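> For reference, the sequence and a predicted model appear below.
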Amino acid sequence: MKRKKYQFEVVFEKEEKGGYHAYCPDLPGCHTCGSTLKKAKKYIGEAIEAYCEALRKSGDPIPQSRSQKVITSQINISLKAA
């Protein structure tokens, strides 16, 4: 059986109490977390696969990744002390 490959942008956020929150902006509601970055990567991969399989079963298209169109950067600002 021939398989089609997909690539998605994933965001990992370090949690204050430890671990990582991971989500895929292209797939609304596709979130997970892991106690380590390695686990968060594994879990988000599994979540994306399950999400896409659910889309396929319901007859909905798998969205194109926006990663080629997304630019990320950091912006520094300065505010007067309160």
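Happy to help now that I have it.
> Show the residue spans covered by the strands in this structure.
Using DSSP state E, the strands of the chain run over residues 11-14, 20-23, 31-34.
> Of the ones you listed, which is nearest residue 81?
With distances scored as C-beta to C-beta, the stretch of the strands of the chain nearest to residue 81 is strand 11-14 (26.2 Å). Every C-beta, even on glycine, is put in place using the N, C-alpha and C of the backbone.
> helices or strands next to that closest one in the packing?
In this structure, strand 11-14 makes packing contacts with strand 20-23, helix 37-58, judged by 3 or more C-beta pairs under 8 Å, 6 or more residues apart in numbering; DSSP states H and E.
> so of the ones you listed, which one's packed in deepest?
strand 20-23 (a mean of 20; mean count of other C-beta atoms under 10 Å).
> middle-most residue in this protein, spatially?
Nearest to the centroid of the C-alpha atoms of the chain, with distances taken as C-alpha atoms, centre = their mean, sits residue 24, at 2.2 Å.
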